[in-house]
Structures are given as structure tokens and as C-alpha cells.
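Undergrad: Coordinates for the following, if possible.
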Amino acid sequence: MDTEKSYPPEQGYPPQQGYPPQQGYPPQQGYPPQQGYPPQQGYPPATAQYNPTAPTQTVIVRQTQSTQPNDYLAFAIFVTICCCLPLGIVAIVQATNVRSRFAAGDVAGAQQASQSAKCWSIAGLVTGIVLEVIGVIIIIIYVVFIVSVATSVADGLDGFDYYK
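TA: Okay, here's the model as predicted:
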């Protein structure tokens, strides 16, 4: 069944005629008042009231804030990258607590967080150095052992005749 359905031609909008050219607007008259509302009257003139009183003074007393304690953030980042990742992350968290507590006005808390950041950074540095030293010692022992085994195997093969 190869029959194509034929649809009736689409009916569009009839062609639109343009608007006639405008010759100009007639002068407008005032609009008549709306039905149901009384005509609006102007507002009465504003009257200014002046109170001749002496100005009051406001005194703001600010407590002298001490300087922000050292946050040891650079030290904590160095420890995180070069020495010990877990302890360095804890040190970074404590270092950021220094700034947030000081900004909130908690100077004692900022000093405590500063000391904590310093302690965690030192602990991470020492842990990293100790682990590096242990790693170097293990590598030296491993190399010495491999060289000694290779030497003893080579000494045992000296009497071996390859051409027999």
C-alpha cells in the first residue's frame, strides 16, 4: 500500500493590510473624572516642626585588642606536604582556627589554637624526620644484604668451570 495521504492545503491568515498613514494626533483634552471617585485635591502644605535641643554625644569604648597570635599556617602546610600528611592536616585545621577565633574576638581561644597548631606541626615534623631516617636505614641494610649475598654467590662460582 504505497498511497500517500494528501492533506488539504493549509489555511493561513488572510493577508494583512497595513495601517493607514496617520496624519497627526488631534490635541488632547483633559480626561473627565472617573465615575464613582470624587475629584482629587492637592495635598496640604507640609509643616516643619523644629525641636531646638542640644545634640547628644555617644561615646564608644573599644577594648584594646592584642595582636593576632601566630597561626603557624606556613609551617603546617610545609609539614603536610613534606613530612607527615595526617598530622599536617590537623595542624592546618588548628591554624585556621586561630584566625577565625581571633576574628570572633576570642583572643584566649586563638592563643590556645595557635599553641595547638604549633604542637601538631612539630609532632608532624619530628614524625616525618624519624620515618625518613628509618627508611634510609632500612634501604642501607637492604642494599648491604643484597651486595653481600651477591658477593658470596660470586665467590662460590669462582671454582666453577663453565666449559666442561
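Undergrad: Surely Lys118 is in contact with Tyr72?
TA: Yes: counting by C-beta atoms under 8 Å, Lys118 does reach Tyr72; the two are 5.1 Å apart. In this view, the C-beta of every residue, glycine as well, is placed from N, C-alpha and C.
Undergrad: Could you look up the SS state of Ile60?
TA: The assignment at Ile60 comes out as coil when based on DSSP: H, G, I helix; E, B strand; the rest coil.
Undergrad: for Ala46, same thing?
TA: coil.
Undergrad: Next one: it from Thr67, what distance?
TA: 54 Å (C-beta to C-beta, to the nearest Å).
Undergrad: So what's the residue count around Gly128?
TA: By other C-beta atoms under 10 Å, 19 other residues sit near Gly128.
Undergrad: give me the element it is part of.
TA: Taking DSSP states H and E as the criterion, Gly128 maps to helix 107-156.
Undergrad: Lys118 and Tyr72: which is more packed in?
TA: Under the neighbour definition other C-beta under 10 Å, Lys118 and Tyr72 were set side by side, and Tyr72 has more, 25 against 20.
Undergrad: I'd like to know how far Ile81 sits from Pro69.
TA: Ile81 is 23 Å from Pro69, where distance means C-beta to C-beta.
Undergrad: These two - which one has more neighbours?
TA: Of the pair Ile81 and Pro69, Pro69 is the one with more neighbours under other C-beta under 10 Å, namely 20 against 9.
Undergrad: For the more buried one, which residues are in contact?
TA: 98, 102, 107, 110-111, 114 (C-beta atoms under 8 Å, 6 or more residues apart in numbering).
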